[in-house]
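Novice: Return atomic coordinates for the entry below.
(2 chains)
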Amino acid sequence: KAGVTQTPRYLIKTRGQQVTLSCSPISGHRSVSWYQQTPGQGLQFLFEYFSETQRNKGNFPGRFSGRQFSNSRSEMNVSTLELGDSALYLCASSLGGTASGEPQHFGDGTRLSIL
Amino acid sequence: GNSVTQMEGPVTLSEEAFLTINCTYTATGYPSLFWYVQYPGEGLQLLLKATKADDKGSNKGFEATYRKETTSFHLEKGSVQVSDSAVYFCALTLKAAGNKLTFGGGTRVLVKP
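Specialist: Reported below is the predicted structural model:
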């Protein structure tokens, strides 16, 4: 069974540009969540999508947005990039049910560097 | 709000030594608790989980017990190997918050041969 696939693995952008990251969840998983990982702030929740609807959102500015398609694939977009957006962006998928303790499965991430 | 606190690293051990990583949490309600591991250049892998008080999660020789009275979920392994060198994250979810994982700051473990 294929795992969570994130593309691209590495990206270099300059300030002011925008970027789109992609995540393909495990087959059958309907929930996709995004996290930002930085040395200073650690792992922070960005948002979760379930059945093409945003179900939960973290405390990030509106420059960070996402969407989910009917096949559960998800994209994350960051506009007007800032130096502080340099991070590892991780995507996680799960079945999306309401059971307690449902595990999430992570991809290897997209490393975004802003010059 | 909800939060997870874990001991700061790095933790440096010799092979076959005993490993403990402390994790405590603050949550409004009854969280599910997780340990994830991150190897260099990779994403996070679920190591183990526990969903209610006194549950013990275990996997690959690692164990952690959900202690509601001390709000803790300490990770232990009796005999570490060089291949256990990684960063370990304690995390929680609350049913009311959906699938959102709240993570601790991570503990880097280095096992020397």
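
Novice: where does the spatially most central residue of chain A land in three-state SS?
Specialist: The residue lying closest to the centre of chain A (CA atoms, centre = their mean) is A:W34, at 2.9 Å. The assignment at A:W34 comes out as strand when based on DSSP: H, G, I helix; E, B strand; the rest coil.

Novice: Quick check: it touching A:S93?
Specialist: No: assessed by CB atoms under 8 Å, A:W34 is found out of contact with A:S93, at 10.6 Å. To be clear about C-beta, it is placed using only N, CA and C from the backbone, and glycine gets the same treatment.

Novice: got any residues that touch both of those two?
Specialist: Common contact partners of A:W34 and A:S93 (CB atoms under 8 Å, 6 or more residues apart in numbering or on different chains): A:C23.

Novice: Mind picking out the helix or strand in chain A with the poorest mean pLDDT?
Specialist: The helix or strand with the lowest mean pLDDT-type score in chain A, counting by mean pLDDT, DSSP states H and E, is strand A:53-57 (a mean of 91).

Novice: Measure how the helix or strand following it sits relative to strand A:53-57, angle-wise.
Specialist: Following strand A:53-57 in sequence order, the next helix or strand is strand A:64-68 (DSSP states H and E). Inter-element angle recorded for strand A:64-68 and strand A:53-57: 140 degrees (by axes from the mean of the first three to the mean of the last three CA atoms, to 10 degrees).

Novice: partners of the helix or strand that comes right after strand A:64-68 in the sheet?
Specialist: Later in the chain than strand A:64-68, the nearest helix or strand by DSSP H and E is strand A:74-78. Here strand A:74-78 has these sheet partners by DSSP bridges: strand A:19-24 (antiparallel), strand A:64-68 (antiparallel).

Novice: Would you mind giving the orientation angle of the helix or strand that comes right after strand A:74-78 with respect to strand A:19-24?
Specialist: Beyond strand A:74-78 on the C-terminal side, the first helix or strand identified by DSSP H and E is strand A:87-94. If you take the same axes, to 10 degrees, strand A:87-94 sits at 30 degrees to strand A:19-24.

Novice: What helices and strands are in contact with strand A:87-94?
Specialist: strand A:5-7, strand A:19-24, strand A:31-38, strand A:74-78, strand A:105-106, strand A:110-114 (3 or more CB pairs under 8 Å, 6 or more residues apart in numbering or on different chains; DSSP states H and E).

Novice: CSV for those strands, including mean pLDDT?
Specialist: What follows is the helices and strands packed on strand A:87-94, written out as CSV (pLDDT from 0 to 100):
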stretch, mean pLDDT
strand A:5-7, 97
strand A:19-24, 98
strand A:31-38, 96
strand A:74-78, 98
strand A:105-106, 94
strand A:110-114, 97
